[in-house]
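Undergrad: sequence plus the predicted model coming up.
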Amino acid sequence: RRRLPPAAAVSRGEALLFAHGFLGSRFDMADACERLASVGFVIVAPDFGESISGSFVPSAGTSRLAIAQKAMALAEARVEA
């Protein structure tokens, strides 16, 4: 089991993308994402079209890659603010 770095060791600008598996949801690892956020990481955990909790019909603009790219861009903007 690996230990998380103390908050002081996390550099401003470090973001993590949690991409759930097929038929999963962004809630699958919410406890782990919250713990990572508590030490300073910016966590991005979007739902994808094949998600059980997804509330949209997938299209070209909502592919896994498109969603991940948009989510990380938002995270980077948040970290730079």
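TA: Yep, it's here.
Undergrad: and the residue positioned nearest the centre of the chain, what does it touch?
TA: With distances taken as CA atoms, centre = their mean, V44 lies nearest the centre of the chain, 2.3 Å away. Neighbouring residues of V44 by CB atoms under 8 Å, 6 or more residues apart in numbering: 15-18, 71-72, 74-75. Any C-beta I mention is one placed from the backbone N, CA and C, and that applies to glycine too.
Undergrad: for it, phi and psi?
TA: phi -120, psi 120 (degrees, to the nearest 10).
Undergrad: just to revisit the earlier point, which of the contacts of V44 fall in strands?
TA: Among these, the members found in strands (DSSP state E) are 15-17.
Undergrad: buried ones among those residues?
TA: Neighbour-count burial (16 or more other CB atoms under 10 Å) is assigned, among the ones in strands among the contacts of V44, to L16.
Undergrad: turn the ones in strands among the contacts of V44 into TSV, columns for pLDDT and distance to L65.
TA: Converted to TSV, the ones in strands among the contacts of V44 look like this (pLDDT from 0 to 100; distance: CB to CB, whole Å):
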residue	pLDDT	distance to L65
A15	81	17
L16	83	17
L17	84	11
